[in-house]
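Visitor: Quick one: sequence plus predicted model below, questions after.
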Amino acid sequence: MAYTAKWYGLGLKALLNGTTDIDTDTLKCALLDNTYTPNQDTDETWAGISANEEDGTGYTAGGVELTSVTLTYTGATKTLSYDAADPSWSDSTITARYAVFYSSTSGYLISYIDFGEDKTSTAGLFKIELDSGGIGKITLS
């Protein structure tokens, strides 16, 4: 199943203010357990939500660095999107409910994915298949 993320409002504000830069910051994907309750209006920094981070075998605290990060504007659809290679953890035993995307450079949250239920791996690959349209997108009106 491919996933599209939801934006954090204060994270989007940080992007627009230039506090976070998708093109130059180190972006990460971290996994959180089902005790986390996302709040798009008030969740702001990784430090503020990291207590709910997954701690399974094969998982590194803080998550994995995103690779092949792109920021693309498509005039025909008036869509701005950011994307990256699908994040994954090999040889892992993980149970996660959420994937959170954030800048480890600025500390600000950007977006998150709610899997809808716990997603697990047992001594195997935990991979998040991102939507082909990007992790997150904004459509201009």
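Guide: The structure has been received and is ready for your questions.
Visitor: Is Trp30 part of a helix or strand, or is it coil?
Guide: Actually, residue 30 is Ala. It isn't Trp. Classification of Ala30 using DSSP: H, G, I helix; E, B strand; the rest coil returns strand.
Visitor: What are the phi and psi values at the closest residue to it other than its chain neighbours?
Guide: Of all residues not flanking Ala30 in the chain, Gly63 sits nearest, at 3.1 Å (Cβ to Cβ, 6 or more residues apart in numbering). Every residue, glycine included, has its C-beta placed from N, CA and C. Main-chain torsions, Gly63, degrees, to the nearest 10: phi 90, psi -170.
Visitor: burial count for Gly63?
Guide: When neighbours are counted by other Cβ atoms under 10 Å, Gly63 registers 24.
Visitor: thought it was touching Leu27?
Guide: No - the criterion here is Cβ atoms under 8 Å, and Gly63 misses it with Leu27 at 9.7 Å.
Visitor: and the lengthiest helix in the chain, which residues are buried?
Guide: Longest helix in the chain, counting residues (DSSP state H): helix 9-17. Buried positions in helix 9-17, judged by neighbour count with 16 or more other Cβ atoms under 10 Å: 10-12, 14-15.
Visitor: Which residues are in contact with the residue nearest to Ala47 when sequence neighbours are not counted?
Guide: Excluding the flanking residues, the one nearest Ala47 by Cβ to Cβ, 6+ apart is Gly107, at 6.2 Å. Gly107 is in contact with 45-47, counting by Cβ atoms under 8 Å, 6 or more residues apart in numbering.
Visitor: Tell me the pLDDT of Gly107.
Guide: In the predicted model, Gly107 carries a pLDDT score of 98.
Visitor: For Thr120, see how far away it is.
Guide: According to Cβ to Cβ, to the nearest Å, Gly107 stands 28 Å off from Thr120.
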